[in-house]
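Q: using only what follows, build the 3D model:
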Amino acid sequence: MDSPEKWFGLGPAEAALREEAEAVAASVADIAAEADAMSEIHPGIREALRASGLSGLMVPAAYGGRSESVDPLAVCLVREVFMRASSHLDSMFALQGIGSYAITVGGTDEQRARWLPKVASLETLAALALTEEQAGSDLKNVSTTLTEKDGSLVVRGAKSFISNAGAADFFVTLVSEEAGLSLVLVPADTPGLTTTPSPELIAPHVLGEVEFDDVVLPPEARLGVPGKAMSLVLGTLAVFRVSVAGAACGLAAGALAEAARHARTREQFGRPLLRHGPVAQLLADSWNDVEMARLLTYQAATAARGDAAGALNRSSMAKVAATEAASRVVDRCVQVMGRWGLVANSPIERYYRQARPMRIYEGASEVLKLGIARALCDEV
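A: Numbering: from 1, shown residues only. Below is the predicted model of the structure:
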């Protein structure tokens, strides 16, 4: 498969960024399988990402970042490379932005100065605490509460399936109060905050349950305007949802490369698998899927560069298309490889397990399709 720069009009800066990401991916090749089997932070992966400086893509230059503002296309390109190499590496990189972006756009100068440089340097790990036991996609059903008492903010409730819980240094937390839904920034060492591991997933992930037992915060812990949290949440999704599509493209391309190598070298009935018509069709259909997903993903990420909120429907389309395509591609690749595609902890088996959750997190396909359909009807 050719380098994307040849076909998608990416410039020298994007090509250089991909080369940086590929160097990091190559440096963790020996520990990628070990890291991807872990549900806690792998120190070797963290050190490789820290040394690369690529977490600087997640915050503005004024706070130690690489560019004036967070660039959705840059994040997307790096996630494509990282996910192909290691889901643990991809997740650690992505969560630095997902967990901190509300501070970037809604935080005070003091909050930004305290937290964002540490996010950029990977000294601090970030987390976004939205979902609850009874509130997944339905965030308006959040039951974690915020009340004001004696000049302080008191948070009570629980969050469920929170990425980086147990490792994060702070939680940007969605709460309900009289004014509506709000965000607060809760340092992980605040008294009353505890974390426990979530159930293990089919693809291991740093994931936990977060309890807020009358957590007392100063008024300065607020992020943005009381009751207006959804604008910050949607702002985060507008920038980072399309990057999930980028990661899905990387996963699908990695799986296809494994299957293509197998098809060239494995012989059955006196000739390579590649020369058997049904196998060739599986490979061709998969390459079509990868390239179509890439085209829509890069288009959406480029649009998000100029107007992330305005391009959210495009980002949703890319996320649906790319994650659904990745599932199809990996399934076909397992079929191409036959019994070799079923070997536990092999690259293709890891890709197979990692592909399935991507159709659920950061907007399940069915939920996103509702919004896409509404946007279509509005346009018509």
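Q: mind listing the strands for the chain?
A: Ranges of strands in the chain, per DSSP state E, are 126-129, 145-149, 152-163, 170-177, 180-187, 193-197, 207-217, 222-223, 267-268, 271-272.
Q: flag whichever of the ones you listed has the least confidence on average.
A: Mean pLDDT is lowest for strand 267-268 among the strands of the chain, at a mean of 64.
Q: that older thread, most tightly surrounded among the strands of the chain?
A: Sort the strands of the chain by mean neighbour count, taking mean count of other C-beta atoms under 10 Å, and strand 126-129 sits at the top with a mean of 28. C-betas here are computed from N, CA, C, even on glycine.
Q: mind listing what it pairs with, with the direction of each?
A: When pairing is defined by DSSP bridges, strand 126-129 lines up against strand 170-177 (parallel).
Q: and the partner strand, how far from the chain's centre?
A: Mean-position distance between strand 170-177 and its chain equals 19 Å (C-alpha atoms, centre = their mean, to the nearest Å).
Q: need the residues that contact that strand.
A: With contacts defined as C-beta atoms under 8 Å, 6 or more residues apart in numbering, strand 170-177 is touched by 99-100, 102-103, 115, 124, 126-130, 139, 142-147, 155, 157, 159, 162, 165, 181-188, 193, 210, 212, 223, 226-227, 229, 233.
Q: 6 Å instead, please
A: For strand 170-177, the surrounding residues in contact (C-beta atoms under 6 Å, 6 or more residues apart in numbering) are 102, 127-130, 142, 144-146, 155, 182-188, 229.
Q: that one to strand 207-217, inter-axis angle?
A: Between strand 170-177 and strand 207-217, the angle comes out at 70 degrees (axes from the mean of the first three to the mean of the last three C-alpha atoms, to 10 degrees).
Q: that older thread, could you say which one of the strands of the chain comes nearest to Ala326?
A: Between Ala326 and the strands of the chain, the shortest gap by C-beta to C-beta is with strand 152-163, which sits at 19.0 Å.
Q: can I get the CA coordinates of that closest one in CSV?
A: Presented in CSV, the C-alpha positions along strand 152-163 are these (Å, rounded to 0.1, in the frame of the first residue of the first chain):
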residue,chain,number,x,y,z
SER,A,152,-17.2,25.3,48.0
LEU,A,153,-18.3,22.9,45.3
VAL,A,154,-19.3,19.4,46.4
VAL,A,155,-19.4,16.5,43.9
ARG,A,156,-21.2,13.3,44.7
GLY,A,157,-21.8,10.3,42.4
ALA,A,158,-20.0,7.8,40.2
LYS,A,159,-18.6,7.5,36.7
SER,A,160,-18.2,4.2,34.9
PHE,A,161,-15.9,2.9,32.2
ILE,A,162,-13.6,5.9,32.3
SER,A,163,-10.5,5.7,30.2
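Q: number the chain from 500, please
A: Noted, 500 is the first residue going forward, which turns the last one into strand 651-662.
Q: name the helices or strands packed onto that strand?
A: Judged by 3 or more C-beta pairs under 6 Å, 6 or more residues apart in numbering; DSSP states H and E, strand 651-662 is in contact with strand 625-628, strand 644-648, strand 706-716.
Q: recalculate using a threshold of 7 Å.
A: Using 3 or more C-beta pairs under 7 Å, 6 or more residues apart in numbering; DSSP states H and E, the elements in contact with strand 651-662 are strand 625-628, strand 644-648, strand 669-676, strand 679-686, strand 706-716.
Q: and it, which strands flank it?
A: Counting by DSSP bridges, the strands paired with strand 651-662 are strand 644-648 (antiparallel), strand 706-716 (antiparallel).
Q: next, the angle strand 692-696 makes with that strand.
A: 10 degrees.
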